[in-house]
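[1] Let's see this in three dimensions:
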Amino acid sequence: MRVEARLAALLCKIMVNQADDVAGIISSKAGLKYLGPDVDAMKAVADAYSKRSLKYFETALRDYKSQLEEDPIVHRHLSSLYDTLLEQNLCRLIEPYSRVEIAHIAEMIELSVDHVEKKLPQMILDKKFAGTLEQGAGCLIIFEDPKTEEIFPATLETISNVVRSAKIMA
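    Below you'll find the predicted structure:
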């Protein structure tokens, strides 16, 4: 099995949220014959993803740079995985707040303020959460999710049925 295929197989496990299975695959009888720096790199990524730690993820990317950036497909998927992990961590951190300083978020997630300031507007535009940035004050204002009343869809359906009935009767 080629190096890229081994990395891809392990990466697939991580991408489908089964990062915990990677250690078992590597330590299995079949996996032991493929040990090497490329497999160690994927194990480090899986560990970081299991722990939901951006810091460990970045460490794995730095420590195994040649193994993880050599294949452009693996690199692209790892970038996507990093973005997903970053978004999950940011959402989890901002959840208890209605207003929070961006510098505080950056400190809690151990990233630069610039990095967090670039990611938050993307997340707002992608509707990952409802909010706005108050850049003059360096704050993020989080809006409550608008709850749709159950009566509104039922009312719209009733009105639609009345209109259809009126057209049929006419």
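
[2] quick one: the closest residue in space to residue 37 that isn't next to it in sequence and residue 60, what's the gap?
    Nearest residue to residue 37 in three dimensions, chain neighbours excluded: residue 67, at 5.5 Å (Cβ to Cβ, 6 or more residues apart in numbering). Quick note: C-beta positions are derived from backbone N, CA and C, even for glycine. To residue 60, residue 67 is 10 Å away according to Cβ to Cβ, to the nearest Å.

[3] Now do the SS call for residue 141.
    Three-state assignment for residue 141 (DSSP: H, G, I helix; E, B strand; the rest coil): strand.

[4] That one bridge partners, please.
    On the basis of DSSP bridges, residue 141 is bridged to residue 99, residue 132.

[5] mind listing the helices for the chain?
    Under the criterion DSSP state H, helices of the chain are mapped to 3-15, 20-27, 29-32, 37-50, 54-63, 65-69, 72-94, 102-109, 113-125, 151-169.

[6] which of these sits most buried?
    Using mean count of other Cβ atoms under 10 Å, the stretch among those with the largest mean neighbour count is helix 37-50, at a mean of 21.

[7] Break the protein into its domains for me.
    What automatic domain parsing lists as the domains of the chain is 1-94, 99-170.

[8] Averaged pLDDT, the shortest one. What do you get?
    Looking at domain 99-170 alone, the average pLDDT works out to 84.

[9] ok now that domain, how far from the chain's centre?
    Chain-centre distance of domain 99-170: 17 Å, with Cα atoms, centre = their mean, to the nearest Å.

[10] same check, this time on the longest one
    In terms of Cα atoms, centre = their mean, the centre of domain 1-94 is set 14 Å apart from its chain centre.

[11] can you pull the contacts of the residue nearest to residue 37?
    By Cβ atoms under 8 Å, 6 or more residues apart in numbering, residue 67 lies in contact with 7, 37, 38, 40, 41.

[12] And for residue 61?
    Listed by Cβ under 8 Å, 6+ apart, the contact set of residue 61 reads 45, 68, 78, 82.

[13] Which two of those residues have the greatest separation?
    Greatest spatial distance in the contacts of residue 61: 68 and 82, 10.8 Å, computed using Cβ to Cβ.

[14] still on that earlier bit, give me the lowest-pLDDT entry from the contacts of residue 61.
    Lowest-confidence member of the contacts of residue 61: residue 68, scoring 82 (pLDDT).

[15] I'd guessed that one sits against residue 76; true?
    No. With contact defined as Cβ atoms under 8 Å, residue 68 does not reach residue 76; the gap is 11.0 Å.
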